[in-house]
Each structure stands twice: as C-alpha cells, then as structure tokens.
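Peer 1: need coordinates for the following:
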Amino acid sequence: MRSRYYRDVNGKPTIKARLYEQLDHKISRLDIDADARKICSRLSFQGHQAYIVGGAVRDLLLGRIPKDFDIATDALPNRVRRLFRNSRIIGKRFRLVHVFFQDGKIHEVATFRSPESGDRHHVYGTLFEDVMRRDFSFNALYYDPEEEIVLDFVGGVEDIRKGVVKSVLPLKVSFVEDPVRMLRAVKYAVITGMIISPAVTRRILKDAPLLATASISRLSEELYKILNSGYAESILRLMERYRIFDYLLPGLSKIHSNEKENQVLRESTYRSLAKLDKIMQNEGGNRAIMIRYLYEGALVASKDLDTEDAHGLLYNDAVRVLKEIIKPLVQPNRDVEEAVKLIFRDRDLPIPKKRPRHPGIWGGASKAGMIVADGTDTRRQKKRRNRKKRRNREANNNG
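Peer 2: Below you'll find the predicted structure:
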C-alpha cells in the first residue's frame, strides 16, 4: 500500500489517499467488464481521470460479481458525449451520460460532483469532493483500471475487511440530508453480510421519523431494489428492528399491528418474501410478482377472498383495497392489477374479462368509422350514405 497526496481548494497537497495496488486488493483487470475498461481507457487517453466506482469496487473486494460498472470522471457530460457516439445525456438536474453497447448493456458515466450539489442545482467538483458526497465508506472507493489501483480516502477498504458499515458524512447531517440512506445502510448490511456500526445504529434509531419526509418516488424505487435483491426477507426483518419498516411500508405495518393474530400475519408475510427471494435469485420476476408476494398476506387479511362473485366485484374491490394498503408509495395500476390477478388465479377466483376500449365496437376502434356489434351504422357512415343518395338523386334529375 502506498499513499498519494492531492491538492485542496487552496492548491496545497494536504489531502491524503491510500493507494492499494493489485497485490493488496487482488482485483484483476479481467474482473472488470471489457466495455467499462474501454470507456476508462478512452477517457484516460484524452487526458481525463476515469474510475470504476461505488458498488462495483465494493463487490469485487468482497469476491462478488458486480451487477453494474458505474464510472466517474472529471470530463463534463458534453465532453463524454462527444467522445462516445453510442451515448446520450440523460437527466435535467443531474446530467449523466449513458453509453450503450450490444445486448442492451448500458454503462453510466457521471462527472465528479461537489457536496454542494443538491436537489435544485448541480455543482461539478473534484475527485475528493466526489468522494465526500458518497453515503458509506465501502461505496467511496475508486478503481483505476489503467494503473490497477484502488484509491481510498476514507478507510473504506479497512471497513470492508472488518465487515463494518460506516458513514462518510458526519452522522448529524447524513440522514437529515437524505433519509433514504437509512434504508440503504440496512440493505447493504444484509447483502454484504456486514454489521452496522454502533454510531450509525444509534443515529438510525434517532432519525427514523425523517423517512416520513422523504420523496415518495425515491422510497418506491428503493423498495423495488430491496424486493429485487434476493434478500428482501432479511432486509425487511432488520428494518423492523431498526424501526424504519413503519415509515417505508406504513399500510402494511398498520395491518400487522391491528390484526389480532399479528404475529401470525407478520410471519406469513416473511414466508412469502422468502419465496420471492428464491424466485429473484433463480429466474427473476417483474414488479407485479414483487407486489404480490409482499402484500398477499395483508390483502387476504383485509378482504375475505373465499367468496366468489361472478360479476367481478370481488376482484375490483381487492384492487382498490391493495392500492390503499400500498399508499403512500406509488405503484403503476397495471402492476397492482396484475398482482391481484396472480393472487386470484392461485385461488381459482373469477377475474373479469378485459373490456374493449369502446364497448360494442369491434377491435376497440373509433366509433367514427366502424360498424358497431349490433349491425347498426355509425354517424359518419350515415352521413356518407346520405351524401351518396343525394348524388344519385341529382344524377337522376339531371338525366
């Protein structure tokens, strides 16, 4: 291990980083996706800094296979866009570059950001500033595939070796600035097999109510990441211990607490999540499947699904109840409806047939130009027929 000093805002070389070489970190360049290496190589050749960052470095140090290889650079988005024809800039406030490859593969390239970046303005920064806006130390590591070194400004490598989740930012401001970080701390602890440090634990227990002020869209997105992880059961159990389950899933938590046999219902939910984890780890599944396994127990407890209704009223009522349980999180109607269909099919309950876009019209086409199912003409066809009759009368009169 070596050390390297970087210049601070005053131009003085006072910022120290630990440099872990290949013999120390054991990451092979071949472990990095070939296209991600090409992106870093081209940026480096053009005089820019470019690193594999975040979860990919963490997973490689843990001996896991990363799902994504995100890249951080000092090149501005427009510059990255010019260097890669197979790319496009996305985002309004936070401008990122997506570089596209065959088979639908996408690598995200982000410009170094300053901790001053917020919801309303985007400030680019230096490498060290980008490090200091990361959430946890094991996500603040930067791997240079050209030099095959890991840059560590915050002791992230040692924290991984010790198996401890630590915050990069001061804990007094970290969760206040972004309450969703509490969810991420628990999720990462379960997925990596690490433990949350006592300081972070105390802060989560104190700041848990802040989740009530978090963005609904971000909470919904984080929930799907948890359900898609293959560790949903363990993550949500730990969130219950840390008192943040109530804020992430208030509707489900309320049903658990109100049910007379709440312990039975709670364990039923976790058994369903264990089934979901097996599905996600093997073949994977869509959002409707995730919703089904998370909320099925609560829906059954809230609505008697043993009574059949040939008119589909039971189905429509179940969709309405499930939407209420899910609130305030945002889920597309089609996913909620498909989740209810999955539950109903398992119970051989009636599902109403999908109505055509315009009842009584073949193929759901517009009434303006089609014949309705009972054989009567539409208004446009009547006008066309009347015009034809007038032309015929005029032709006969002229003849």
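Peer 1: quick one: contacts for Met132?
Peer 2: 115, 140, 153-154, 168-169 (CB atoms under 8 Å, 6 or more residues apart in numbering). All C-beta atoms are positioned from the backbone trio N, CA, C, and that covers glycine.
Peer 1: hmm, 10 Å instead?
Peer 2: With contacts defined as CB atoms under 10 Å, 6 or more residues apart in numbering, Met132 is in contact with 15, 113-115, 125-126, 140, 153-154, 168-169.
Peer 1: now do the helices in the stretch 151-300 of the chain.
Peer 2: Counting by DSSP state H, counting those that start in this stretch, residue ranges of the helices within the stretch 151-300 of the chain are 156-162, 171-177, 180-192, 198-207, 216-228, 232-241, 245-248, 250-258, 262-282, 287-302.
Peer 1: least confident of those helices, on average?
Peer 2: Comparing mean pLDDT over those, the weakest stretch is helix 250-258, at a mean of 86.
Peer 1: domains in the protein, by residue range?
Peer 2: Domain segmentation of the chain under automatic domain parsing yields 1-160, 163-242, 249-354, 362-398.
Peer 1: quick check: which ranges of the protein have low pLDDT?
Peer 2: Counting by pLDDT under 70, the chain shows low-confidence ranges at 117-121, 258-261, 303-313, 354-379, 394-399.
Peer 1: can we see that at 50?
Peer 2: 309-311, 359-375 (pLDDT under 50).
Peer 1: what residues does the residue nearest the centre of it make contact with?
Peer 2: Geometric centre of the chain, nearest residue: Glu221, 4.0 Å, by CA atoms, centre = their mean. Listed by CB under 10 Å, 6+ apart, the contact set of Glu221 reads 180, 215, 329-330.
Peer 1: repeat that for Ile325.
Peer 2: Taking CB under 10 Å, 6+ apart as the definition of contact, the neighbours of Ile325 are 249-252, 254-255, 291, 294-295, 298-299, 301-303, 336.
Peer 1: next one: Gly163
Peer 2: Taking CB under 10 Å, 6+ apart as the definition of contact, the neighbours of Gly163 are 62, 138, 189, 192-195.
Peer 1: 6 Å instead?
Peer 2: Residues touching Gly163, when contacts are defined by CB atoms under 6 Å, 6 or more residues apart in numbering, comprise Met194.
Peer 1: and it, how far is that from Tyr242?
Peer 2: Applying CB to CB, to the nearest Å, the value for Gly163 to Tyr242 is 18 Å.
Peer 1: ditto for Ile351
Peer 2: 39 Å.
Peer 1: out of the two, which sits in the busier spot?
Peer 2: More crowded of Ile351 and Tyr242, by other CB atoms under 10 Å: Tyr242, with 17 against 13.
Peer 1: that one contacts Ile204, correct?
Peer 2: Yes. Taking CB atoms under 6 Å as the definition, Tyr242 is a contact partner of Ile204 at 5.2 Å.
Peer 1: which residues are common contacts for those two?
Peer 2: Contacts common to Tyr242 and Ile204, judged by CB under 6 Å, 6+ apart, are absent.
Peer 1: check the offset of the helix or strand in which Tyr143 is found from the chain's centre.
Peer 2: Here Tyr143 sits within strand 141-144, counting by DSSP states H and E. Centroid separation between strand 141-144 and its chain, computed with CA atoms, centre = their mean, to the nearest Å, is 24 Å.
Peer 1: what are the buried residues along it?
Peer 2: Neighbour-count burial for strand 141-144 flags 141-144 (criterion: 16 or more other CB atoms under 10 Å).
Peer 1: and if you look at stretch 153-168?
Peer 2: Within stretch 153-168, the residues scored as buried using 16+ other CB under 10 Å are 153-157, 159-160, 164-168.
Peer 1: export those residues as CSV, with columns for distance to Gln263.
Peer 2: Output for the buried residues of stretch 153-168, formatted as CSV (distance: CB to CB, whole Å):
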residue, distance to Gln263
Phe153, 46
Val154, 41
Gly155, 41
Gly156, 39
Val157, 42
Asp159, 36
Ile160, 36
Val164, 32
Val165, 29
Lys166, 34
Ser167, 34
Val168, 38
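Peer 1: go through the residues you listed and name the one nearest Glu233.
Peer 2: Val165 (19.4 Å; CB to CB).
Peer 1: and the residue nearest to the closest one when sequence neighbours are not counted, how far is that from Leu96?
Peer 2: Sequence neighbours aside, Ile196 is the residue nearest to Val165 in space, at 4.6 Å (criterion: CB to CB, 6 or more residues apart in numbering). Between Ile196 and Leu96 the distance is 29 Å, computed by CB to CB.
Peer 1: next SSE after the helix or strand hosting Asp335?
Peer 2: Using DSSP H and E, Asp335 sits in helix 333-346. Sequence-wise, the next helix or strand beyond helix 333-346 is helix 379-398, with elements assigned using DSSP H and E.
Peer 1: ok so, going back, what's the closest of the helices of the stretch 151-300 of the chain to Arg345?
Peer 2: Of all the helices of the stretch 151-300 of the chain, helix 287-302 sits nearest to Arg345, with 10.3 Å by CB to CB.
Peer 1: give me the angle between the closest one and helix 216-228.
Peer 2: What separates the directions of helix 287-302 and helix 216-228 is an angle of 90 degrees, with axes from the mean of the first three to the mean of the last three CA atoms, to 10 degrees.
Peer 1: any chance you could list what contacts helix 287-302?
Peer 2: Outside helix 287-302, the residues within contact range by CB under 6 Å, 6+ apart are 227, 252, 255, 259, 265, 268-269, 272, 276, 321-322, 325, 335, 338-339, 342-343.
Peer 1: mind doing that once more with 8 Å?
Peer 2: Around helix 287-302, the neighbours that count as contacts under CB under 8 Å, 6+ apart are 224, 227-228, 232, 249, 251-252, 255-256, 259, 265, 268-269, 272-273, 275-276, 279, 305, 318, 321-322, 325-326, 331-332, 334-336, 338-340, 342-343.
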